[in-house]
Structure formats: structure tokens, C-alpha cells
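> When you get a sec, could you give me coordinates for this:
(chains A and B)
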There are 2 protein chains.
Amino acid sequence: MTPIEAKFARLSTDHAPGQEVRQGNAGLDGLLRGDTLPGTPVDFSHGDVNTSAFAPTPGSLQEFVQGVERGGEQAYTEYRGAADLRLRVAAHLAEFTGAPVDGANELIITPGTQGALFLAIASSVTAGDKVAIVRPDYFANRKLVEFLGGEIVPVDMRHLERDSGAGLDLDQLEAAFKAGVRTFLFSNPNNPAGVVYSPEEIAQIADLARHYDATVIVDQLYSRLLYTGTRYTHLRALPQAPANVITIMGPSKTESLSGYRLGVAFGAAHLIDRMEKLQAIVSLRAPGYCQAVLRTWFQEPAGWMNERIAQHQAIRDDLIRVLRAVPGLAVRAPEAGSYLFPRLPRLAVGLHDFVRILRTQAGVTVTPGTEFSPHADDSIRLNFSQNHAAAVQAIERTAQLIERYRA
Amino acid sequence: MTPIEAKFARLSTDHAPGQEVRQGNAGLDGLLRGDTLPGTPVDFSHGDVNTSAFAPTPGSLQEFVQGVERGGEQAYTEYRGAADLRLRVAAHLAEFTGAPVDGANELIITPGTQGALFLAIASSVTAGDKVAIVRPDYFANRKLVEFLGGEIVPVDMRHLERDSGAGLDLDQLEAAFKAGVRTFLFSNPNNPAGVVYSPEEIAQIADLARHYDATVIVDQLYSRLLYTGTRYTHLRALPQAPANVITIMGPSKTESLSGYRLGVAFGAAHLIDRMEKLQAIVSLRAPGYCQAVLRTWFQEPAGWMNERIAQHQAIRDDLIRVLRAVPGLAVRAPEAGSYLFPRLPRLAVGLHDFVRILRTQAGVTVTPGTEFSPHADDSIRLNFSQNHAAAVQAIERTAQLIERYRA
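Predicted structure coming up:
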């Protein structure tokens, strides 16, 4: 294998969410038990942005059309995004996170939060650098570090062993810093598990990062979608926050605006400068006309966000009820966002086969846990931002198949 | 300087097109001669997509809106882009380039051609690899190789010494391959000079690449906008084309669709596979709704493209006439695309100062030649996809300031 072949062998997308269509069903026939289960197919690999589920923010398309009508000034923005939009969004994010954001110098608009993650990591990590990554966490985090030639130092999160907080192993994190890690990357709320880090966990992460002079990249994509009783701590706003913090958000998931591919990153100006230099050569800028949709962000109609949260919370509660009735299955009720990460009971088939069986026999698409941690070969991730009734029925079919394939 | 500081120091965007707004006018006062020249400001750093100049393809916004109405299927495509659109676009590109394209496996839709360039280079080059880059050529090519830790082996193009063809130094190219280069990257038509490689040049590039088993990445972004009498050769369609060719195009410039950020790359399936894996972690996919606009590509209304070409040709001819009247200025009339790359006579001020003076005193924004070649510190690039009358007047003001600041 050449060096570049080896590099790309580590970036497999075979089981990544949304890529299921490129998999065949080869070899499945010998494993199948019983008939297919009828019902509306549900693709839990991502949220459903159709009007039957969670449609984009009201007014978003109109803002896009007005952006097209503005012409060149909207099509060709600075690489870091249109100046007026950066100022507008910075003001909202300062209020939301509780600490100032300088829209001129401390914020970049990116093609989705995926773009922001890539730019943030590539601006902090170079070949040979050690990077602490949570297990489980968003699947691309690991791959980004591997693409850049960094060395991953895993830090375990044991969310199933507690009822609140994320359960990050802070001793492992400190050991990682002691071993030379200078970049720590994590999502809060955690993707895939939907758990929120406690104020104490965030404070201790900040203390450690400051002590070891580390850069912290926090993916807060779902931090607007908080369920009743959840207390959320913005690391960047703590008095002991380290100098180099990049916070990533975007009007993508909660707002169902994924089709416009918009994200933002904000934090230390010299890191944002690097991110812009890199954006200039990897994608130039977030799509100009799409940027105009940021005008709707944090300015949704009164009550709209609360209603959306209540709808998600109701789906969450129904799905958790069905899942908890499955003997041997373990799941935390997510405190935020729209992901569930149940650990399944022992099955007679491997996880990747079960995921394909689910799709074939129940019309249910989920993402295998191995995308998020090599240890999670007993877990599946579901995005429950779906039509409520269809999602409940799909989870009932999933529970039936778990029984059918139980070891 | 730390390794990552050194890496980003090589990626400066201070003089990149569109970034002028981040420059100040500090230190210019002592250099200014005479008064400002009145006239409509023209930003030649990119094309003008307003209705007063070259508006987007008819029907493009309607296709976008219909894409939004299709909802989730358009928002969440495979990472390489929507399957139906890939098949449609592949058929057009096969006809256009004269060789088959398998839309299922040999084509990826990217966020702009900038995204395609990054993915193509990053899928071919890893740290320490030697890459041949033309001087002058598109400014990001060099930076992409530097970001990836590759080693640039420059190959000179002497377009001003001839009347047709690009003037690539093929001996230098062969020497580069002999020295270990295994990737060659170039734009045709050339950006910045607008010259088209002759059939003989393309054939010899193909022969050499095949002989040395090299990957060729051809940026053909402007290959639809060919002026009267221009003969264009698609490298990928030659019988001797090497196995690893990636061709890059996009409905961006000629079609004035830059605000949607769409590009495509097509070629060897194993390289497209790598590009998709990488796209999955750097931007996920080209914006889902924007992809729908590809339905208009190569399906413009009858006569629309010919009219657009004729309009650009008329602007080209008028600008060349004004520029050729400037003593000591050298310029090739571009055979395709909308870039001009005049070499200026000797001036009493440095190139970067002259570029800032032009903007300050004449309202004319251009890109300094140093973005395209370290040797081009006497040249400027202009994108003449502009309002015809405003462009001519802006070039007349430019000629006046060349006289005013002549050495």
C-alpha cells in the first residue's frame, strides 16, 4: 500500500450516515429470519426536513431568494463570509453563549458545520500532533485527525453509567494532556448520545486546557435544542476558559436548514484567520446566496423554537418508552438534540449485518455505533427529528427485529 | 515559528481576489500622484453576476426553489451528490468532452470547482510528493500543494512569446517527471492568461504523463466560453490519455452561477472514491438544494450560450484595443474565458502599491500577478465578465494611471 492508499483506507465512509445506498445486500440472504415488517420507511441516519416532519425555518427560502436578487454582493463575499451577516450573527451568538464575539475578526461562516470542524482542526493540528478525541463522538472527528496525520488519543465517555452529565473520564483527559496532547475536540451535546456535559465537567475541561495551554474545539451544533430541565454550560464563557477556544454552531439541525450547508465557527482571531486562509483553497466560501439565510437565525418567529423543542421532546419520550421495554437494551434519554444511542442486547448477527437487516426487513435506516467508537459495536445511532407517528412505528419494528435476532 | 505557523504563513490571502476589503490604505498617501478619476467602480477580481452585466442562467433560481420543495431527498444526497443529477451531468460532459463518463462511479459534485481542486489534489498528493505546477496558473494550485506538504516543481508557460497555444515548456515538464513528479496540475484555458493549450501541447502532456505514469488534473472551468477560431482539446478524450486523469468543470463562471457554489470532477473511479471520502469530512456534500441548479447546466435556452460568448468577445476586443495602445504593455488576446493578464510597463511604484492606487484613485479592482507566479510582479489579472461600458471606461482609467505612474 502506498502512503496515500493507506491514508484513504482509514477514511472509509461505507457505514457513514446517508451512504447506505452505496451498500449492496450481498450475503444477507443466509442470515434473514422471517418476513419483512410493513410500515412507512424511516431514515434515522439524518433528520427529516420534509413538511410532514420538521420543515426549514419559516422565511428561509425568501431570504435566499432575496440574496439572489442582491446579486454580486451576496454571491461574492469575503472568504470568511459577508461582513454584515458576520456582525449580525456574532451579536446573537454573544448573547446566546454569554460572552462577546467580534464579528469582524472572531467569526467565520463555513459550508456547514462539517466545514467548520475541518477548518478548525486543520488550523490547530499538523502531522504528528496528538489530539484528544472522545469515545463515542461524532464520526468525522477521528477521520479529520487521521487525514491530517495527527495521532488520536482517545478519552472515554461513560454516559450509560450515570443519569446526568456526560461521564467524561477526566483523569484520562489529564493523562492525555500530560502525554503531549495540545488539542481537545468534543461535541456538546454529545453526538451520538445526546447527553450534555455538566457545569462541573465543562469547568474541569476548561481548567485542564488552560493549565496545559491546549486548544479546545467545541462542536455545539445542537446546543439550542435543550429539553426541560437541562442546564447547558458554554465553555467559552467561563472565566477560566483557555485562550484558544473555537466554538462551532450552525443553523442546520434544530432549524432544519441542512440543505443550505451553513455553519459558523467563532473564537480566537488568529485561529479564525488560519481557517479563512484554508477555506480560500478548499471551498472558497460558504455558498454566497445561502449565507443570506443566516438572517433568519436566532430570529425565528416567536414561540417557533419552543414549539419545535416540545415536539422533539414528545418524540424522544415515546421512543425511549418503546426502547426501555426491550430487555437488555440500555439507553440514556437525551438531554438535548435529536440523537439516541441505544446499546442493544446481544444479537445472533453482527452489528453491521443487523443494520442492513433492519433496513431490508423493517425499512429502518440507522447508523452503526462503530462510526462513533470502535467499542460501540453493540450500539446504533438514530436521529429522531422525524414524523412522530412514523418514528414510533419504526422503533416498534426495530424492537421486534431485536427480539427476532436476539442471541 | 511552530510547524503549523509556518504552514499557514505560506497560505497568505492578503492579495487574493475578493479579499481587498480586508486591506487598509496605510502608507499610500506619500505615493499618490494627482486626483482621483471619476467613473463607475469596477471589480475585475471576479465576474459581475448582476443583471446589468451577466446574470445567472435563466431558470436557475426556479430549479433551486423546486429543489427546496422536494425536501429531504434534495437536502441529503450521497456525499458525491444526487444520483440522478450525476447521471444527467455525466451524459452532458461525455458529449462535451468526447469520451464516456460513468455518472455512478466516475463523477463527484463538489462545493464549487475550488472544492473539486482541493479534493483532487488531496486525493493524489501526500506529504513529500512532488507536484508540477504551471507558472502562471490559478493561485490556489500552489497553496493546495503547500497545505498538503507536497513539493512544488514549477513549469514555465511563456504565452507572451507566441500567438497561439499556451507556450508550456514541455522540456521542463519532462524534466519534472524525470525528477520524480507524479502529479501534474494545470488549467486550460489558463487562468490568469486566458490562453488555450494547442492540440499538440495537450497530446504531448498526455504522452509524457502516460510514459511516467503520472496523474493529470485539468481544470477546464472556462472550456465552454471559447472565442471565434479557438480549437479546444480535451485531454481525457485522447487515445493516449493516462489512466489517472481528473477533469474539473462547473456551472460557475460562464453561466454566472458562482453564488450557488457548484463544481464537478470526473475521471478515474478510484480517485473519485477518495475524493468522496474526503468530501465527507471537509464539507459533507455540495449544498443539497444548490445541486438542483445543475438541471440547467448544458440545457441553457437555445442561443443563450452563443449570445453570452459574443458579448464577452466584444468586451475582450474593446479592452485589448485600449490596452494595446499603452506603450510597453504586453497582452495576449484570450482565446477563451474572461480573464486578461497584461504585463505592465515599468512603473515608479511597486505592483502591490499600484493595485491599491488603482482601487483608490480609479475605483478599479484587479488582482496582482504575484498571486499566479512569483515572476509576475509586473502583471495584473482582470476578469472582464462585466458591464461592457463600465469595463471599457475602467480600463481607460487604468491606462491613464499607468501613464501617471510610469517609471
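> can I assume A:Val264 sits in a strand?
Yes: judged by DSSP: H, G, I helix; E, B strand; the rest coil, A:Val264 forms part of a strand.
> List the residues that contact it.
A:Gly81, A:Val89, A:Leu93, A:Leu107, A:Ile108, A:Ile109, A:Thr110, A:Ala116, A:Ile248, A:Met249, A:Gly250, A:Leu294 (Cβ atoms under 8 Å, 6 or more residues apart in numbering or on different chains). Using the backbone N, CA and C atoms, a C-beta is placed for each residue, glycine as well.
> I'd like the average pLDDT over the longest helix that chain A contains.
Ranked by residue count, the top helix of chain A under DSSP state H comes out as helix A:304-324. Averaging pLDDT along helix A:304-324 gives 97.
> Keeping just the C-alphas, turn it into PDB.
The C-alpha coordinates for helix A:304-324 follow below in PDB (Å, rounded to 0.1, in the frame of the first residue of the first chain):
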ATOM      1  CA  TRP A 304     -41.400  28.700  17.000                       C
ATOM      2  CA  MET A 305     -38.300  27.300  18.700                       C
ATOM      3  CA  ASN A 306     -40.200  26.300  21.900                       C
ATOM      4  CA  GLU A 307     -42.800  24.500  19.800                       C
ATOM      5  CA  ARG A 308     -40.100  22.700  17.900                       C
ATOM      6  CA  ILE A 309     -38.300  21.600  21.100                       C
ATOM      7  CA  ALA A 310     -41.600  20.400  22.600                       C
ATOM      8  CA  GLN A 311     -42.300  18.300  19.500                       C
ATOM      9  CA  HIS A 312     -38.900  16.700  19.700                       C
ATOM     10  CA  GLN A 313     -39.200  16.100  23.400                       C
ATOM     11  CA  ALA A 314     -42.500  14.300  22.800                       C
ATOM     12  CA  ILE A 315     -41.000  12.100  20.200                       C
ATOM     13  CA  ARG A 316     -38.000  11.400  22.400                       C
ATOM     14  CA  ASP A 317     -40.300  10.300  25.300                       C
ATOM     15  CA  ASP A 318     -42.200   8.000  23.100                       C
ATOM     16  CA  LEU A 319     -39.100   6.300  21.600                       C
ATOM     17  CA  ILE A 320     -37.400   6.000  25.000                       C
ATOM     18  CA  ARG A 321     -40.600   4.200  26.300                       C
ATOM     19  CA  VAL A 322     -40.500   1.700  23.500                       C
ATOM     20  CA  LEU A 323     -36.800   1.100  23.700                       C
ATOM     21  CA  ARG A 324     -36.700   0.700  27.500                       C
END
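> roughly how far is it from the heart of the chain?
Averaging C-alpha positions (Cα atoms, centre = their mean, to the nearest Å) puts helix A:304-324 18 Å from its chain's average.
> what do you get for stretch A:120-135?
Between the centre of stretch A:120-135 and the centre of its host chain there is 17 Å, according to Cα atoms, centre = their mean.
> got a list of what the closest residue to A:Ala314 other than its chain neighbours touches?
Sequence neighbours aside, A:His388 is the residue nearest to A:Ala314 in space, at 6.8 Å (criterion: Cβ to Cβ, 6 or more residues apart in numbering or on different chains). Going by Cβ under 8 Å, 6+ apart, A:His388 touches A:Gln311, A:Ala314, A:Ile315, A:Asp318.
> Just the buried ones from the residues you listed?
A:Ile315, A:Asp318 (16 or more other Cβ atoms under 10 Å in any protein chain shown).
> Can you read off the pLDDT for the residue of the stretch 51-200 of chain A found nearest chain B?
In the stretch 51-200 of chain A, the residue that lies nearest chain B is A:Ala75 (3.2 Å; Cβ to the nearest Cβ). At A:Ala75, the pLDDT value in this model is 93.
> ditto for the one 10 residues further on
A:Leu85 is assigned 98 on the pLDDT scale.
> residues near it, how many?
Neighbourhood size, A:Leu85 [other Cβ atoms under 10 Å in any protein chain shown]: 24.
> what's the answer for A:Arg231, then?
Using other Cβ under 10 Å, A:Arg231 is surrounded by 10 other residues.
> would you list every one of the helices in the stretch 201-350 of chain A?
Assignment of helices within the stretch 201-350 of chain A using DSSP state H, counting those that start in this stretch yields the ranges A:269-282, A:288-291, A:304-324.
> and these, which is most packed in?
Comparing the helices of the stretch 201-350 of chain A by mean neighbour count (mean count of other Cβ atoms under 10 Å in any protein chain shown), helix A:288-291 ranks first with a mean of 28.
> Does chain B have contacts with that helix?
Yes: counting by Cβ under 8 Å from any Cβ of the partner chain, chain B is contacted by helix A:288-291 at A:Gly288, A:Tyr289, A:Cys290.
> ok, the first one - contacts?
It stands for A:Gly288. A:Gly67, A:Gln74, A:Ala75, A:Tyr76, A:Thr77, A:Ala82, B:Ser258, B:Gly259, B:Arg261.
> looking at those residues, which has the most residues close by?
Highest neighbour count within those: B:Arg261, with 30 neighbours (other Cβ under 10 Å).
> how near is it to A:Pro58?
Remark: distance between B:Arg261 and A:Pro58 (Cβ to Cβ, to the nearest Å) = 24 Å.
> One more: A:Phe177?
45 Å.
> The two: who's more crowded?
Ranked by neighbour count (other Cβ under 10 Å), A:Phe177 and A:Pro58 place A:Phe177 first, with 20 against 11.
> measure the more buried one to B:Lys130 for me?
For A:Phe177, the distance to B:Lys130 - Cβ to Cβ - is 38 Å.
> Could you tell me how many residues sit around A:Gly34?
If you count neighbours by other Cβ under 10 Å, A:Gly34 ends up with 10.
> what does A:Tyr212 give?
A:Tyr212: 17 neighbours (other Cβ under 10 Å).
> If anything else comes up later, I'll come back, but that's it for now.
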